[in-house]
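Peer 1: Just a sequence and a predicted model for now, questions to come.
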Amino acid sequence: MTRRLGQTLDADSSQGRERILGIDPGTVATGWGVVEIAGGALVHLDHGTIGSSPGLGQGNRLKRIYHGLQEIIARYEPQGVSLEKVFFARNAASALKLGQARGVAVLAAAERGVELYEYATAEIKLAVVGYGQASKEQVQKMVASILRVPEPIPADAADALAAAICYLHQRAFHSRIKESTPGNLRAARR
């Protein structure tokens with residue numbers, strides 16, 4: 001397992017470590033990436049894709065995705081899974097297949113008792129690139145930069161890592177908001 005230090009967040013280090021599995025569901029390639037926040041820094045743990053042959057039937061593809069995600073969840077023991085919310089595609093058949101792959105990812109997390117976090121595509125891109133309409137290439141480059149990964153990251157894995165980063169950025173933001181509420185500020189001054 002490779003650990004690389006990444007971007008520092010303004011999170012309280014007393015909150016400990018939190019490990020998130022990002023998933024980018026797809027029936028031909030499902031991307032995944034594991035990111036941890038430790039001491040306010042994002043740490044890249046691993047990433048990859050679960051591939052299946054286009055010649056396989058849909059049931060066998062979904063089975064491969066499910067078992068692959070179960071193995072990754074067992075190996076890394078994330079506290080949460082982050083993925084994109086459902087979107088509406090122009091092609092109904094493609095949307096249905098994507099929805100099935102997404103459902104398998106949700107089931108894999110639920111069976112392991114892992115919390116699920118969902119974000120709109122634009123929200124994920126905004127958290128990583130700073131622009132909600134960013135291209136796949138821009139997401140790949142920013143994910144590699146944020147996590148300090150020197151080798152190219154496949155697009156599906158980069159999208160999964162971006163989903164994990166989005167959750168961790170959101171968590172850090174909400175922690176700062178909570179800490180700055182008047183009741184918490186008074187308690188901190190005592």
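Peer 2: Now that the structure is in, tell me what you want to look at. Residues are numbered from 1 along each chain as shown.

Peer 1: Can you classify His47 by secondary structure?
Peer 2: At His47 the chain is in strand, as set by DSSP: H, G, I helix; E, B strand; the rest coil.

Peer 1: and the nearest residue to it once chain neighbours are set aside, what element?
Peer 2: Take His47 and drop its neighbours on the chain: the residue closest to it by CB to CB, 6 or more residues apart in numbering is Gly33, 3.8 Å away. In this view, the C-beta of every residue, glycine as well, is placed from N, C-alpha and C. Element membership for Gly33, per DSSP states H and E: strand 29-38.

Peer 1: name the element Tyr131 belongs to?
Peer 2: Tyr131 belongs to no helix or strand, assigned by DSSP H and E.

Peer 1: dump the residue contacts of the closest residue to it other than its chain neighbours.
Peer 2: Counting by CB to CB, 6+ apart, Tyr131 lies nearest to Lys125, which is 6.4 Å off, once chain neighbours are set aside. In this structure, Lys125 makes contact with Tyr131, Gly132, Gln133, Ala134, Gln138, Val139, Ala162, judged by CB atoms under 8 Å, 6 or more residues apart in numbering.

Peer 1: Out of these, who's the most crowded?
Peer 2: Of the contacts of Lys125, Ala162 is surrounded by the most neighbours, 31 neighbours in total, counting by other CB atoms under 10 Å.

Peer 1: what about the helices in the protein?
Peer 2: For the chain, the helices defined by DSSP state H cover 58-76, 92-111, 121-128, 136-147, 155-179, 182-189.

Peer 1: Those: which one's closest to Gly40?
Peer 2: Between Gly40 and the helices of the chain, the shortest gap by CB to CB is with helix 155-179, which sits at 8.1 Å.

Peer 1: follow-up on the earlier one: can you tell me which of the contacts of Lys125 lies nearest to Gly59?
Peer 2: Closest to Gly59, out of all of the contacts of Lys125 and judged by CB to CB, is Ala162, at 29.0 Å.

Peer 1: Tell me how far that closest one lies from Pro182.
Peer 2: 34 Å (CB to CB, to the nearest Å).

Peer 1: Next, count neighbours for the residue nearest to Arg17 when sequence neighbours are not counted.
Peer 2: What sits nearest to Arg17 in space, not counting adjacent residues and going by CB to CB, 6+ apart, is Ala38, at 4.8 Å. For Ala38, the count of nearby residues is 17 (other CB under 10 Å).

Peer 1: is Ala38 in a bridge, and if so with what?
Peer 2: Applying DSSP bridges to Ala38 gives these bridge partners: Ala41.
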